[in-house]
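Undergrad: Need coordinates for the following:
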Amino acid sequence: MPLTGGCLCAAVRYRVEAEPIVTRVCWCRVCQYLGAGSGTVNVCFPSAALTVSGSMGEHRWRADSGNIAVRRFCSVCGTPLFSASEARPHLIFVRAGSLDDPGVAKPAVTIWTASAPAWACFDPALPRLSGQPPPAA
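TA: This next block holds a predicted model:
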């Protein structure tokens with residue numbers, strides 16, 4: 001079952017030809033910036049399963065892990081779309097809100113809860129990790 005998605009202005013479209021590996025709610029500080037103060041929901045896929053059309057911008061930084069992280073977004077409207085780590089090039093994280101059917105993203109865990117603000121709401125049905133979990137695959 002291919003999954004499709006894109007940005008707010010439709011300048012970027014993508015297709016994923018794989019089932020999600022894992023979906024996580026993330027409250028790290030970077031995700032709080034991307035989520036306008038809230039956490040983000042990120043769906044992990046094999047990188048090779050993703051095809052993208054359209055112009056994207058890119059931002060690289062050194063993550064707390066020491067790895068180089070890469071964030072990709074629509075260069076027209078700025079919608080956050082993907083993130084990855086140079087340490088795990090075989091994985092791509094897709095922002096669940098950019099999926100045409102975000103309902104397919106069913107979080108399995110909430111991570112980086114130690115970074116969340118005091119008012120953050122956590123799903124009581126999901127396990128919580130205070131920081132980074134082990135690699136997805």
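Undergrad: nearest residue to the most centrally placed residue in the chain other than its sequence neighbours?
TA: In the chain, the centroid-proximal residue (C-alpha atoms, centre = their mean) is residue 42; its distance is 3.2 Å. Excluding the flanking residues, the one nearest residue 42 by C-beta to C-beta, 6 or more residues apart in numbering is residue 93, at 4.3 Å. C-beta: built from backbone N, CA, C; applies to glycine.
Undergrad: same question for the helix or strand hosting that neighbour, mean pLDDT?
TA: Assigned by DSSP states H and E, residue 93 belongs to strand 91-95. Computed over strand 91-95, the mean pLDDT rounds to 97.
Undergrad: now that strand: how far from the chain's centre is it?
TA: Put simply, strand 91-95 sits 5 Å off its chain's centre (C-alpha atoms, centre = their mean, to the nearest Å).
Undergrad: same thing with stretch 82-98?
TA: Relative to the chain's own centre, stretch 82-98 is displaced by 6 Å; criterion: C-alpha atoms, centre = their mean.
Undergrad: How about stretch 122-132?
TA: 16 Å.
Undergrad: do stretch 109-125 as well
TA: The answer for stretch 109-125 is 16 Å, by C-alpha atoms, centre = their mean.
Undergrad: so how far does it reach from one end to the other?
TA: Start-to-end span of stretch 109-125 (C-alpha to C-alpha, to the nearest Å) is 9 Å.
Undergrad: buried stuff in that stretch?
TA: Within stretch 109-125, the residues that count as buried by 16 or more other C-beta atoms under 10 Å are 109-113, 115-116.
Undergrad: Closest to residue 127 out of the residues you listed?
TA: residue 109 (4.9 Å; C-beta to C-beta).
Undergrad: and residue 52, what does it touch?
TA: 12-14 (C-beta atoms under 8 Å, 6 or more residues apart in numbering).
Undergrad: The residue nearest to residue 42 touches residue 43, doesn't it?
TA: Yes: between residue 93 and residue 43 there is a contact under C-beta atoms under 8 Å: 6.8 Å.
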